[in-house]
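**Q** here's my sequence, what's the structure:
(chains A and B)
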Amino acid sequence: MSDALWYLGRGTGVVSLVLLTLVVALGVATRSGRPLPGLPRFAVTAVHRSASLLAGVFLAIHVGTLLFDPYAGLNLVSLVVPFSAGAHPFWYGLGALGLDLILALVVTSVLRDRIGPRVWRGIHWAAYASWPIALAHGLGSGSDASTGWMLTITGVCVATVLAAVGWRVSERFAEVPDLAPVPVTAPPLVGTGPPEGPR
Amino acid sequence: MTTLHLDWTRCRGRGGCVELLPELIGRDEWGYPLTATDVPVPRALRGAAEQAVRDCPRMALQLSPRFAE
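**A** As a prediction, the model looks like this:
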């Protein structure tokens, strides 16, 4: 039974990394406002959302199984309080930190209507922090991190996110560029005669 | 009748609503929706309008009887 928990915990961790990679890439694509091959714009958003919730489910199984797994030696506190685990506090701590961030992302997105777009967007920037933290947690804690197949998965995930972020910061990223802010200073008044007095 | 309200200050022309409600919303040459600020939504398009409101990345859409005439 404990073997089953251990393997399920490991496997769901791998799946979570793959799903989180997909979520980040689709999130970037959502922000671009561009359709993807085979996915119209509204579908990019919808799949981003569905994949996020699915990643949340896998993370819940990942955390839930390892909570009861004797090898991992975790308790409820060390799952959510970063760097508090008895064994491997740093690498498990990164996992707890990533979990907290992703939890915040999911909760604020589900309650987006209540908290408004400004707060939601501000917190949503944490996505860019949560992914590398989750990746580092997998590299440090993952029992399979050094195997060929896991290195391949990790490499593909890293390449995907690097490509997405590279696209994000590129010049022609957004299909509809945000409007440039209106300059606050008025152009200098030259040769227009004396200013008008108060009316 | 249910009315779809568009908050122009939030809209940045991401285009999802245009795809979900082509019967109600066009797309102008800058990518922004081409529509009135308050659009009556026929019953048949109610589901698509609800998805457009839910999925608008800018939260620029609101479905409400409040804006009905």
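**Q** low pLDDT regions in chain A?
**A** Counting by pLDDT under 70, chain A has low-confidence residues at A:180-183, A:186-199.
**Q** for it, list the residues in contact with chain B, please.
**A** Within chain A, the positions near chain B by Cβ under 8 Å from any Cβ of the partner chain are A:30-31, A:33, A:35, A:40-42, A:45-46, A:49, A:112-113, A:116-117, A:120, A:175-176, A:178. C-beta: built from backbone N, CA, C; applies to glycine.
**Q** now for the chain: which helix has the highest residue count?
**A** If you meant another chain, say so; for now it's chain A. In chain A, taking DSSP state H as the definition, the longest helix is helix A:2-32.
**Q** correction: the question concerned chain B.
**A** Secondary structure of chain B per DSSP H: the longest helix is helix B:46-55.
**Q** what is the helix or strand following that helix packed up against?
**A** Proceeding N to C from helix B:46-55, the next assigned helix or strand is strand B:61-64, under DSSP states H and E. Here strand B:61-64 touches strand B:3-6, helix B:46-55, going by 3 or more Cβ pairs under 8 Å, 6 or more residues apart in numbering or on different chains; DSSP states H and E.
**Q** what about the longest one, distance to the chain center?
**A** Going back to what we said before, that points to helix B:46-55. Here the centre of helix B:46-55 is set off from its chain's centre by 8 Å, with Cα atoms, centre = their mean, to the nearest Å.
**Q** list the buried ones in the longest helix of chain A?
**A** Within helix A:2-32, the residues that count as buried by 16 or more other Cβ atoms under 10 Å in any protein chain shown are A:5-6, A:8-10, A:12-32.
**Q** and what of stretch B:30-46?
**A** Buried, per 16+ other Cβ under 10 Å, within stretch B:30-46: B:31-33, B:35, B:39, B:41, B:45.
**Q** which of these come close to chain A?
**A** With Cβ under 8 Å from any Cβ as the criterion, the buried residues of stretch B:30-46 include B:31-32 near chain A.
**Q** which one of the buried residues of stretch B:30-46 is nearest chain A?
**A** Within the buried residues of stretch B:30-46, distances to chain A taken as Cβ to the nearest Cβ reach their minimum at residue B:31, with 3.8 Å.
**Q** now that closest one, what's its secondary structure?
**A** Secondary structure, DSSP: H, G, I helix; E, B strand; the rest coil: residue B:31 is coil.
**Q** for the spatially closest residue to residue B:46 that is not a sequence neighbour, grab phi and psi.
**A** The shortest distance from residue B:46 to any non-neighbouring residue, by Cβ to Cβ, 6 or more residues apart in numbering or on different chains, is to residue B:2 (6.4 Å). Residue B:2 adopts backbone torsions of phi -70, psi 140, taken as degrees, to the nearest 10.
**Q** ok, now how distant is residue B:2 from residue A:114?
**A** Per Cβ to Cβ, to the nearest Å, residue B:2 is found 21 Å from residue A:114.
**Q** next SSE downstream of the longest helix of chain A?
**A** Of the helices and strands lying after helix A:2-32 in sequence (DSSP H and E), the nearest is helix A:41-67.
**Q** remind me what that next one packs against, helices and strands.
**A** Judged by 3+ Cβ pairs under 8 Å, 6+ apart, helix A:41-67 is in contact with helix A:2-32, helix A:76-80, helix A:89-110, helix B:16-20, helix B:46-55.
**Q** give me every residue in chain B lying close to chain A.
**A** Proximity of chain B to chain A (Cβ under 8 Å from any Cβ) is limited to residues B:10, B:12-20, B:30-32, B:51-52, B:55, B:57-59.
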